[in-house]
Structure formats: structure tokens, C-alpha cells
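Enquirer: any chance you could fold what I've pasted below:
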Amino acid sequence: MNSILCKVDDKHIPLYRVMWVADLPHFCGHEDCEKEGHYEVRLEQEESVWAVSQHERDSILNALETWRGGLGPTPEQGDW
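Expert: Here you go, the predicted structure:
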């Protein structure tokens, strides 16, 4: 792992601040909404940043998995 930072839109976010990442793009139906189609990345202290594409969202998820060290063994692999 090269860094504990991930880039979301134009911001470099420390991975330890990320609480969750939306699986689906935002849709609220308001015609003046500027975040529709973007993926919410919720940070601590009720802050959010918005990934502008699915590729960017997947990069954040991959960075979190790498930083954490992967999911660990599956039931088939034992050590559960």
C-alpha cells in the first residue's frame, strides 16, 4: 500500500475517516440536485464527499480493502 489517502473527486481523504461508501448512485428526484448520479462517501462527523463515477467508487473500496488487509479466510479455507 502506497498511501493511507484516497482521492475522491478532487480531495485526498484519509482512509481512516471513511465510514461507508454507497453501493448505488444518489437519486433524490429534486430537479436542482447537483449530486444525482454520484456515489456518497460518508466520513466521520456526518460529512460526505461524492465520488463522480463507479470507477472512482470502486477505487475507494479497493483502497479500503487493501488498507484493512483483505477480507481474511473464507469458510472453505478454514481458520474461521
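
Enquirer: okay, CA-based contacts and neighbour counts for the rest of this
Expert: Fine.

Enquirer: ok, the residue nearest to the spatial centre of the chain to Glu31 distance?
Expert: The structure's the chain has its C-alpha centroid closest to Val21; by C-alpha atoms, centre = their mean the separation is 3.9 Å. For Val21, the distance to Glu31 (C-alpha to C-alpha, to the nearest Å) stands at 24 Å.

Enquirer: okay, strands next: where are they in this protein?
Expert: Shown for the chain, the strands assigned by DSSP state E span residues 5-8, 11-14, 18-21, 39-43, 47-51.

Enquirer: ok, how many other residues are close to Ser3?
Expert: 9 (other C-alpha atoms under 10 Å).

Enquirer: wait, Ala18 touches Glu40, no?
Expert: Slight slip there: residue 18 is Val, not Ala. No. Val18 is beyond contact range of Glu40, at 10.6 Å (criterion: C-alpha atoms under 8 Å).

Enquirer: those two - which one has more neighbours?
Expert: Of the pair Val18 and Glu40, Glu40 is the one with more neighbours under other C-alpha under 10 Å, namely 22 against 19.

Enquirer: got the contact list for that one?
Expert: 21-22, 25-26, 48-51 (C-alpha atoms under 8 Å, 6 or more residues apart in numbering).

Enquirer: those residues, buried ones only, as a PyMOL selection?
Expert: Filtering the contacts of Glu40 down to the buried ones (16 or more other C-alpha atoms under 10 Å) takes a single PyMOL command:
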select buried, resi 21+25+26+48+49+50+51
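
Enquirer: and the two most separated of the contacts of Glu40?
Expert: The two members of the contacts of Glu40 with the most space between them (C-alpha to C-alpha) are Pro25 and Ser48, at 13.6 Å.

Enquirer: does Lys7 touch Ile13 like I think?
Expert: Yes. Contact criterion C-alpha under 8 Å: Lys7 and Ile13 qualify, at 6.1 Å.
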